[in-house]
Structure formats: C-alpha cells, structure tokens
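Q: next comes the sequence, and after it the predicted model I'd like to discuss.
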Amino acid sequence: MADMELDARGLNCPLPILRAKKSINDLESGQVLHIIATDPGSVKDFEAFCKQTGNELVSSGENNGEFVFDIRKA
C-alpha cells in the first residue's frame with residue numbers, strides 16, 4: 001500500500017521525475033510513493049532515478065498504456 005500517489009499522466013520527461021523527486025522529499029524513510037505515468041520513457045527514467053538516489057524501485061509495470069511505479073524512500 002502506497003503512502004502517497006502521484007498522477008503524472010500526460011506529462012513528458014523530465015516532469016514525471018521532477019514531480020516524483022518533490023513528492024519523495026515529503027515522505028519519511030521507508031514510505032512508498034505510487035506513480036502513474038503515460039510517458040513510455042518514464043520506465044528507464046525511474047530505474048535510473050532510483051539508482052542515482054538510492055531509493056528502491058519496489059515495482060513497475062504497465063496497465064492499458066499507463067505505467068505504474070512504486071518507489072520506497074531510502
């Protein structure tokens with residue numbers, strides 16, 4: 001279960017990442033941010049984002065053209 005949800009549908013790179021970064025800053029360590037995006041590039045972007053920031057990409061997937069991600073704050 002996510003602690004916060006970010007709707008990034010309709011946003012193109014780099015906006016989903018920038019919004020996620022801002023949202024994660026509002027979370028406590030161990031909390032989970034759930035992101036919904038429509039930009040296909042966001043898959044690679046969020047993988048890279050998690051590697052760079054040390055946050056954990058708990059899950060990622062696609063559902064009817066929407067990409068969903070769960071990121072746990074480090």
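A: Received the coordinates, thanks.
Q: for the residue lying closest to residue 37 once chain neighbours are set aside, what are its contacts?
A: Spatial nearest neighbour of residue 37, excluding adjacent residues (CB to CB, 6 or more residues apart in numbering): residue 8 at 4.2 Å. All C-beta spots, glycine's among them, are computed from the backbone N, C-alpha and C. Residues counted as contacts of residue 8 (CB atoms under 8 Å, 6 or more residues apart in numbering) are 15, 16, 19, 20, 35, 36, 37, 38, 39, 42.
Q: adding secondary structure, write those out as JSON lines.
A: Converted to JSON lines, those look like this (DSSP: H, G, I helix; E, B strand; the rest coil):
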{"residue": "15", "secondary structure": "helix"}
{"residue": "16", "secondary structure": "helix"}
{"residue": "19", "secondary structure": "helix"}
{"residue": "20", "secondary structure": "helix"}
{"residue": "35", "secondary structure": "strand"}
{"residue": "36", "secondary structure": "strand"}
{"residue": "37", "secondary structure": "strand"}
{"residue": "38", "secondary structure": "coil"}
{"residue": "39", "secondary structure": "coil"}
{"residue": "42", "secondary structure": "helix"}
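Q: and the helix or strand where residue 51 lies, how far out from the chain's middle?
A: Element membership of residue 51, judged by DSSP states H and E, is helix 42-53. What separates the centre of helix 42-53 from the centre of its chain is 8 Å, taken as CA atoms, centre = their mean, to the nearest Å.
Q: after it, next one along is what?
A: Downstream of helix 42-53 (by DSSP H and E), the next one is strand 56-63.
Q: phi, psi for the closest residue to residue 26 other than its chain neighbours please.
A: Residue nearest to residue 26 in three dimensions, not counting chain neighbours: residue 4, with 7.1 Å by CB to CB, 6+ apart. With angles defined as degrees, to the nearest 10, residue 4 sits at phi -150, psi 150.
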